[in-house]
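Visitor: Fold the following and give me the result.
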Amino acid sequence: MPCLAHTLQLTLKAVMKHPNADSLISRARKLVHTVRKSSVANEAMIKKCGKTLVRDCSTHWNSTFDMLRRLLEIRTELNQVLEELGMDTLLTSNWAKLENLVKLLEPFAIHTDQLQSDSQSLSQVVPCLLNLEAHLLTTASGKQLAQVLLKSLRERFAAILSPDSPQFDATPAAACLLDPSVSLILQTPDMVPLRRAAQSLVQNLAAQYNTATPSQDNVIATQTAAHSPPTVLQKYRFLASRMEVNASLTNEPEGADSLLTEMKKYGDDVKQGVFNETPLQFWRSREAVYPKLAPVALDLVSAPASQAFVERIFSVCGLLSSGLRNRTTTSLEQRVFLKINKKLLFD
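Guide: Coordinates of the predicted model:
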């Protein structure tokens, strides 16, 4: 499975290369370059608002978003400085387009940061992607760019969101299913294929832990009882606004296998409760209640959402092993450990 944070950034290249967005970003970048290279303009900006403009980096998409957001944030002070210095600014129509573009891209910046965090579980991948999809389907501004971005999102993440895709991998969906904080997302009627694929994978994985696990033919078709989206889902506000929970439940046959019974009990617990625990705490405290399901859940929810954190460790290793530090006596492993965990050590 490719790095999800990196794939999300590749998804955004489709909209960045669109003529409408590309020309607007180029104008904004040119303005930032003009102001940044002028010491007089920089000093004037700092005096007026204590901030200056942000340059973007071609290899970090979020830096482009930060550049555009900062432009809008200090737009009034920037225009005052440019007028005093006799320098050109953006047209009013360009400022309006910039606002729409930032509104369109802001959820992507939030979820990119979320997915590349070292503490983010794989279970958050499907909710993030579905929330972005819901955002693009309901956006009122920049509809043309939203359609381009929606197409790119669905194509790039078909292997996670579409069970019909030849490259489909149900692991993120299974992790989402077994995370009590987001499990209800897969209980809506339009999520039935994805939920069944996740349930099937859970059954297959449980078979590796338990010898008496039922075959793949016993697919669970339980649906969520009618409830409003709980408060725990409010951070996925675009997705929560579209959620329609099915009121009907499929009856389980008499004498169903204990794994199926555990999964049904887990589904009922998720519907009835709001959990303040982390997913790992939830399953560790209920290993006796779900003896067959808990080992699978602990493996899935403990997996990271992306490989971005590992790449950052490689970067730290490169910095700490450079020629400037070739006389240090502490081992590289110890230095990397201390560097990454310094916040914990000083708290």
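
Visitor: Contacts for stretch 288-307, please.
Guide: Under the criterion CB atoms under 8 Å, 6 or more residues apart in numbering, residues 3-6, 114-118, 120-125, 171, 174-175, 178-179, 202, 205-206, 209-210, 213, 258-259, 262-263, 265-266, 279-280, 283-284, 286-287 lie in contact with stretch 288-307. (C-beta placed from N, C-alpha, C; glycine too.)

Visitor: Of those residues, just the buried ones, ChimeraX syntax please.
Guide: Typed into ChimeraX, the line below selects the buried ones among these, using 16 or more other CB atoms under 10 Å:
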select :3,4,5,6,114,115,116,117,120,121,122,123,124,125,171,174,175,178,179,202,205,206,210,213,259,262,263,266,279,283,286
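
Visitor: From G86, how far out is N79?
Guide: Distance, N79 to G86, using CB to CB, to the nearest Å: 13 Å.

Visitor: who has more neighbours, the two?
Guide: Between N79 and G86, counted using other CB atoms under 10 Å, the more crowded position is N79 (14 against 6).

Visitor: Show the contacting residues for the more buried one.
Guide: Applying CB under 8 Å, 6+ apart to N79 gives the contacts T89.

Visitor: so it sits in a helix?
Guide: Yes - N79: assigned to a helix according to DSSP: H, G, I helix; E, B strand; the rest coil.

Visitor: Numbering from 7 from now on, please.
Guide: Renumbered: residue one is now 7, and that last one reads N85.

Visitor: from the contacts of stretch 294-313, which ones fall inside helices?
Guide: Judged by DSSP state H, the contacts of stretch 294-313 include 10-12, 120-121, 131, 177, 180-181, 208, 211-212, 215, 264-265, 268-269, 271-272, 285-286, 289-290 as members of helices.

Visitor: can you list the weak-confidence ranges in this protein?
Guide: Where the chain drops to pLDDT under 70, the residues are 7, 65, 67, 216-241, 243-263, 280, 312-318, 320, 328-335, 353.

Visitor: Domains in it, by residue range?
Guide: If you go by automatic domain parsing, the domain ranges for the chain are 10-122, 157-307, 314-352.

Visitor: how about TSV for those domains, with distance to G148 added?
Guide: Output for these, formatted as TSV (distance: least, CB to CB, whole Å):
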stretch	distance to G148
domain 10-122	5
domain 157-307	14
domain 314-352	27
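
Visitor: And those: which comes nearest S147?
Guide: Nearest to S147 among the domains of the chain is domain 10-122 (4.1 Å), distances taken as CB to CB.

Visitor: start to end distance for the closest one?
Guide: End-to-end distance of domain 10-122 (CA to CA, to the nearest Å): 8 Å.

Visitor: Stretch 85-97 now?
Guide: 11 Å.

Visitor: Can you give me the buried ones in that stretch?
Guide: Those would be Q86, V87, L88, M93, T95, L96, for stretch 85-97 by 16+ other CB under 10 Å.

Visitor: before we move on, what about stretch 11-24?
Guide: For stretch 11-24, a neighbour-count test (16+ other CB under 10 Å) marks A11, H12, T13, L14, Q15, T17, L18, A20, V21, H24 as buried.

Visitor: do the same with stretch 200-214
Guide: For stretch 200-214, a neighbour-count test (16+ other CB under 10 Å) marks 200-209, 211-213 as buried.

Visitor: Nearest to L159 among these?
Guide: Ranked by distance to L159 (CB to CB), those are led by L200 at 15.3 Å.

Visitor: Just give the nearest non-adjacent residue to L344, would you?
Guide: L351 (7.0 Å; CB to CB, 6 or more residues apart in numbering).

Visitor: show me what contacts the most centrally placed residue in the chain?
Guide: The chain has H117 as the residue nearest its centroid, 3.6 Å off, counting by CA atoms, centre = their mean. H117 makes contact with L14, C134, N137, L138, according to CB under 8 Å, 6+ apart.

Visitor: Pull the most distant pair out of the residues you listed.
Guide: Greatest spacing in the contacts of H117, by CB to CB: L14 and N137 (12.1 Å).

Visitor: and stretch 46-53, which residues are buried?
Guide: Going by neighbour count (16+ other CB under 10 Å), the buried part of stretch 46-53 is A47, A50, M51.

Visitor: got the residues you listed as a markdown table, with distance to V38 and secondary structure columns?
Guide: Below are the buried residues of stretch 46-53 laid out as a markdown table (distance: CB to CB, whole Å; DSSP: H, G, I helix; E, B strand; the rest coil):
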| residue | distance to V38 | secondary structure |
| --- | --- | --- |
| A47 | 11 | helix |
| A50 | 15 | helix |
| M51 | 11 | helix |
